[in-house]
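Asker: generate a structure from the sequence data that follows.
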Amino acid sequence: MSISQRKVRVRFAPSPTGGLHLGGVRTVLYNYLFAKKNGGEFILRIEDTDQTRFVEGAEQYIYDCLAWCGLEPDESPKHGGNYGPYRQSERKVTYKKYAEELISKGHAYYAFDTTEELEKMRIAFKTESNPSPQYDATIRKSMKNSLTLSPDEVNNLLQSGTPYVVRIKMPENETISFVDMIHEEVSFDSNVVDDKVLLKADGMPTYHLAVVVDDYLMKITHAFRGEEWLSSAPVHVLLWKYLFGLDNMPQWAHLPLILGPSGKLSKRDGAKYGFPVFAMNWTDPRNNEFTEGFKEKGFLPEAFVNLLAMLGWNSGTEQELFSLEELVQHFSIERVHKSGAKFDYEKAKWFNHEWIKNSSADQLFDGVKNVLSSKGISQIEEDYLKQVIELVKERCTLVSDFFEQSAYFFRTPESIDVDALKPKWNEQKRLFFEQYCLHLQQLNDWNVSEIESTFKNLATEMAIKPGELQLPMRIMLVGGKFGPAVFDIAFHIGKENTINRIHSAIPKIETP
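Answerer: Residues are numbered from 1 along each chain as shown. Here you go, the predicted structure:
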């Protein structure tokens with residue numbers, strides 16, 4: 001059965017070496033959308049063959065990020081499945097078998113060169129036109145490997161435990177081609193590709209061998225990865241050809257880069273320009289370096305997934321806001337762009353603002369409650385908080401904005417913007433607010449309509465325009481020139497708080 005006839009199986013295969021960059025999450029998303037659109041399965045495979053780069057906690061961080069985004073895999077080291085193990089470090093014996101098969105077929109060879117010998121090679125073969133010599137078809141003839149040594153010498157080195165690596169034997173003067181789902185037909189000259197290491201001295205495979213073997217054994221039908229891996233494609237095409245046949249090779253899609261202000265988006269851009277580049281906060285345990293995440297910055301997972309989908313893809317319509325279910329319905333690999341997509345943080349915040357506006361108080365409740373609790377507002381009545389969320393959500397771009405936009409509903413502001421009131425403050429306004437407090441005290445029915453009509457009737461009696469009084473009242477209650485309708489604020493904070501805040505504000509305004 002050919003690849004095109006089999007059930008769709010895609011995979012995301014990160015290395016547990018650090019935080020999950022938004023480019024990595026986008027790769028997850030496109031894998032997930034393609035699988036679900038086609039009734040397939042999404043697999044998470046951990047590529048931890050480079051033990052020198054392994055970082056404690058990084059694998060769990062990947063699970064946490066995917067769970068936050070709602071992109072749970074069908075199979076993984078955590079979820080299990082029929083094609084495990086799903087960590088490459090647990091499949092070590094398997095890779096060696098395939099490396100030896102390549103050697104026996106004449107497509108790979110043992111290389112016994114020491115670090116010092118490799119360094120001497122780089123110096124000896126360095127020229128003005130070739131400043132960085134690679135271990136390729138020309139240079140391998142001068143090196144210490146099973147192509148230049150006799151069979152007896154090779155056997156003796158292997159029997160004595162001499163360290164070696166296994167390298168692919170790149171053919172000379174061949175054109176290596178494949179059809180990419182995004183870039184269409186792509187071709188490479190074999191002469192410019194070096195003999196990549198397939199199996200390292202510690203017996204662990206490199207990415208090149210492991211990705212091909214694992215994709216075959218896990219029956220992967222489509223492989224989505226970043227455009228930066230395109231240069232490795234000729235090695236992988238040959239490995240598929242030599243080991244399993246090209247009919248079994250997955251269809252590849254090399255995704256365009258996500259661009260920052262100065263080229264490919266990096267985590268350094270986040271620190272430099274003040275926006276997150278990781279899905280969630282990450283602190284590198286090796287150096288305690290902290291990188292901010294979209295979650296902790298105040299992004300909703302729905303907005304984060306939505307904005308990532310639009311970084312390099314569009315539905316062909318004017319629609320920009322998509323739920324995950326809608327993305328599954330509309331996604332097609334044919335509409336993924338060939339060129340890089342520039343990340344625009346202001347546009348990212350727009351997505352989040354729209355999602356906050358369109359979310360219910362129930363959906364926002366946990367996130368807002370956590371924000372307020374982190375600022376010391378912990379005794380919160382659930383129904384009251386939901387009412388407050390509905391009042392202020394249109395003014396919030398990030399979930400973290402809910403504190404500034406709603407704190408005054410729960411506690412009296414520590415200070416008020418008296419400078420905004422003093423220039424137009426006068427005796428008549430002071431008398432108005434003193435009288436207004438007396439009227440409010442006598443209200444039996446505390447509702448928005450009564451609070452507002454009492455305000456406007458008194459203003460008419462005292463021949464003051466209501467518009468000249470609403471800003472002072474807002475600042476007295478809120479602390480600044482922001483917030484929803486002022487009478488809604490008064491209603492929700494209650495009669496006693498409204499009167500107390502007005503009384504306490506007047507002397508502050510009149511203080512020289």
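
Asker: can you give me the helices for the stretch 351-500 of the chain?
Answerer: 361-374, 382-392, 401-406, 427-442, 448-461, 466-478, 486-493, 495-510 (DSSP state H, counting those that start in this stretch).

Asker: let's have these in a markdown table, adding mean neighbour count and mean pLDDT.
Answerer: Just so you know, the C-beta spots here come from the backbone N, C-alpha and C atoms, and that holds for glycine as well. Below are the helices of the stretch 351-500 of the chain laid out as a markdown table (neighbours: other Cβ atoms under 10 Å; pLDDT from 0 to 100):
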| stretch | mean neighbour count | mean pLDDT |
| --- | --- | --- |
| helix 361-374 | 16 | 96 |
| helix 382-392 | 17 | 97 |
| helix 401-406 | 21 | 97 |
| helix 427-442 | 15 | 97 |
| helix 448-461 | 15 | 97 |
| helix 466-478 | 19 | 96 |
| helix 486-493 | 21 | 98 |
| helix 495-510 | 16 | 96 |
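
Asker: so which of the ones you listed gets nearest residue 259?
Answerer: Nearest to residue 259 among the helices of the stretch 351-500 of the chain is helix 401-406 (27.5 Å), distances taken as Cβ to Cβ.

Asker: restricting to C-alpha, output the closest one in PDB.
Answerer: These are the backbone C-alpha positions of helix 401-406, laid out as PDB (Å, rounded to 0.1, in the frame of the first residue of the first chain):
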ATOM      1  CA  ASP A 401      -4.900  43.800  31.900                       C
ATOM      2  CA  PHE A 402      -7.900  42.700  34.000                       C
ATOM      3  CA  PHE A 403      -6.100  43.800  37.200                       C
ATOM      4  CA  GLU A 404      -5.600  47.400  36.200                       C
ATOM      5  CA  GLN A 405      -9.100  47.500  34.600                       C
ATOM      6  CA  SER A 406     -11.000  45.900  37.500                       C
END
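
Asker: packing partners for that helix?
Answerer: Judged by 3 or more Cβ pairs under 8 Å, 6 or more residues apart in numbering; DSSP states H and E, the packing partners of helix 401-406 are helix 361-374, helix 382-392.

Asker: mind putting these into a markdown table with distance to residue 53?
Answerer: As requested, the helices and strands packed on helix 401-406 are exported to a markdown table (distance: least, Cβ to Cβ, whole Å):
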| stretch | distance to residue 53 |
| --- | --- |
| helix 361-374 | 33 |
| helix 382-392 | 43 |
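
Asker: of the ones you listed, which is nearest residue 268?
Answerer: Relative to residue 268, the nearest member of those by Cβ to Cβ is helix 361-374, separated by 27.7 Å.

Asker: need the helices for the stretch 201-350 of the chain, in chain order.
Answerer: Listed from the start of the chain, the stretch 201-350 of the chain has helices (DSSP H, counting those that start in this stretch) covering 207-217, 233-243, 267-273, 294-297, 301-309, 324-330, 345-358.

Asker: out of the helices of the stretch 351-500 of the chain, the one nearest residue 35 is which?
Answerer: So among the helices of the stretch 351-500 of the chain, helix 361-374 is nearest, using Cβ to Cβ, at 25.8 Å.

Asker: from the chain's centre, how far out does that closest one sit?
Answerer: Between the centre of helix 361-374 and the centre of its chain there are 22 Å (Cα atoms, centre = their mean, to the nearest Å).

Asker: not counting it itself, show me its contacts.
Answerer: 298, 300, 356, 378, 380, 382, 385-387, 389-390, 393, 399-400, 402-403, 406-407, 410 (Cβ atoms under 8 Å, 6 or more residues apart in numbering).

Asker: what do you get if the cut-off is 7 Å, keeping everything else the same?
Answerer: The contact list for helix 361-374, computed with Cβ atoms under 7 Å, 6 or more residues apart in numbering, reads 356, 380, 385, 386, 389, 390, 393, 399, 400, 402, 403.

Asker: and if you look at stretch 196-215?
Answerer: Applying Cβ under 7 Å, 6+ apart, the external contacts of stretch 196-215 come out as 13, 45, 47, 49, 51, 88, 92, 94-96, 98-99, 108, 163-168, 223, 232, 235-236, 239-240, 243, 250.

Asker: the same query, at a cut-off of 6 Å, please.
Answerer: Residues outside stretch 196-215 that contact it (Cβ atoms under 6 Å, 6 or more residues apart in numbering) are 49, 88, 92, 95, 98-99, 163, 165-168, 235-236, 239-240, 250.

Asker: which among these gets closest to residue 291?
Answerer: If you rank the contacts of stretch 196-215 by distance to residue 291 using Cβ to Cβ, residue 49 comes first, at 24.3 Å.

Asker: not counting its neighbours along the chain, what's nearest that closest one?
Answerer: residue 204 (4.4 Å; Cβ to Cβ, 6 or more residues apart in numbering).

Asker: quick one: the one you found from residue 91, how far?
Answerer: 10 Å (Cβ to Cβ, to the nearest Å).

Asker: repeat for residue 411
Answerer: In terms of Cβ to Cβ, residue 411 sits 57 Å off from residue 91.

Asker: neighbour count for these two, which is higher?
Answerer: residue 91 (19 against 12; other Cβ atoms under 10 Å).

Asker: who are the contact partners of that one?
Answerer: residue 85.

Asker: strands of the stretch 151-300 of the chain, start to end?
Answerer: Using DSSP state E, counting those that start in this stretch, the strands found in the stretch 151-300 of the chain span residues 165-168, 175-180, 184-189, 197-199, 222-226, 251-255, 258-260, 263-264, 282-284, 289-291.

Asker: what's the average pLDDT for the shortest one?
Answerer: By that I understand strand 263-264. For strand 263-264, the mean per-residue pLDDT is 84.

Asker: that one pairs with which strands, and in what direction?
Answerer: Strand pairing for strand 263-264, using DSSP bridges, gives strand 258-260 (antiparallel).

Asker: do the same with the first one
Answerer: Looking at strand 165-168 with DSSP bridges, its partner strands are strand 108-111 (antiparallel), strand 197-199 (antiparallel).

Asker: domain ranges for the chain?
Answerer: According to automatic domain parsing, the chain comprises the domains 91-211, 360-411, 418-510.

Asker: out of those domains, which gets nearest to residue 333?
Answerer: Closest to residue 333 of the domains of the chain is domain 91-211 (Cβ to Cβ; 5.2 Å).

Asker: first-to-last residue distance for the closest one?
Answerer: 12 Å (Cα to Cα, to the nearest Å).

Asker: and that domain, how far from the chain's centre?
Answerer: 35 Å.

Asker: now do stretch 493-506
Answerer: Centre-to-centre, stretch 493-506 and its host chain are 45 Å apart (Cα atoms, centre = their mean).

Asker: okay, it in PDB with CA atoms only?
Answerer: Provided in PDB are the C-alpha atoms of stretch 493-506 (Å, rounded to 0.1, in the frame of the first residue of the first chain):
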ATOM      1  CA  ILE A 493     -19.000  48.700  44.300                       C
ATOM      2  CA  GLY A 494     -22.100  49.400  46.400                       C
ATOM      3  CA  LYS A 495     -23.600  52.400  48.200                       C
ATOM      4  CA  GLU A 496     -21.200  52.500  51.100                       C
ATOM      5  CA  ASN A 497     -18.000  52.300  48.900                       C
ATOM      6  CA  THR A 498     -19.400  54.900  46.400                       C
ATOM      7  CA  ILE A 499     -20.100  57.400  49.200                       C
ATOM      8  CA  ASN A 500     -16.900  56.800  51.000                       C
ATOM      9  CA  ARG A 501     -14.700  57.200  47.900                       C
ATOM     10  CA  ILE A 502     -16.400  60.500  47.000                       C
ATOM     11  CA  HIS A 503     -15.900  61.800  50.600                       C
ATOM     12  CA  SER A 504     -12.300  60.700  50.800                       C
ATOM     13  CA  ALA A 505     -11.500  62.200  47.300                       C
ATOM     14  CA  ILE A 506     -12.700  65.800  47.900                       C
END
